[in-house]
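Trainee: attaching a predicted model along with its sequence, questions to come.
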Amino acid sequence: MAQAKIGDTVLVHYNGKLDTGVLFDTSQGSDPLKFELGSGCLIQGFEEAVVGMSPGETKTVQIPPEKGYGKYREDRVIKVDRKDLPEGLVPEDGMTLEVTASNGVVVPVQIAEVGDTTVTLDANHPLSEQTLTFEITLVAISDEKKA
C-alpha cells in the first residue's frame, strides 16, 4: 500500500486539541484538508506526522511548541504610539490587526494592552507555547499538485 512522502499532495481529516482537551480546530463536517507534504504551509509536526501514513490510516500525535507554533517570544511584542494606528480605529484588548513588516510580509498581531498614549501589539501566534494533539486520518494521496 502507498505511503505518503515528501512532495505528495495529500488529503487529510483532523481534529486538533489543546492539553486541556479543548478542540481548537477540525476538518470534520467539511472537505478534507489538501496540501503538499514538505511545502511548509502547515506546522512542521503536522506534516511530519503524515509522512509514512497510508490511505485510511488514522494516528494521534502530540506536537510540542518547537514543531507547532513556537515558543513565546518577547521580541514579538512591541509598543506603538496610538497616533500611528489607522485613523478612526478604536483599539480594544484582544482585537486582531494586520501590520506590514519591513520586509513586506503581512503579520497578524493582537492588541495586548491599550494605554493612554500607546498600544501594545503581540505578534506571537495565539497557540505559541502550546503542546497540540492531533488525530489525523489520511484520506488519500492525490496525483495532482495543489494549485
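Mentor: Yep, it's here.
Trainee: mind listing the strands the helix or strand bottoming out on mean pLDDT in the chain pairs with, and their directions?
Mentor: Within the chain, confidence by mean pLDDT, DSSP states H and E is lowest for strand 96-100 among all helices and strands, at a mean of 90. Note on strand 96-100: by DSSP bridges, its sheet partners are strand 106-114 (antiparallel).
Trainee: relative to strand 106-114, how tilted is the helix or strand just after the strand it pairs with?
Mentor: Counting by DSSP states H and E, the element after strand 106-114 in chain order, helix or strand, is strand 118-122. Note on geometry: by axes from the mean of the first three to the mean of the last three CA atoms, to 10 degrees, strand 118-122 and strand 106-114 are set 130 degrees apart in direction.
Trainee: need the residues that contact the least confident helix or strand of the chain.
Mentor: L89, V106, V107, P108, V109, Q110, I111, L121, A123 (CB atoms under 8 Å, 6 or more residues apart in numbering). No exception for glycine: its C-beta is placed from N, CA and C like everyone else's.
Trainee: by contact count, what packs against the lengthiest strand in the chain?
Mentor: Scanning the chain for the strand with the most residues, using DSSP state E, yields strand 132-142. Here strand 132-142 touches strand 9-17, helix 44-50, strand 58-63, going by 3 or more CB pairs under 8 Å, 6 or more residues apart in numbering; DSSP states H and E.
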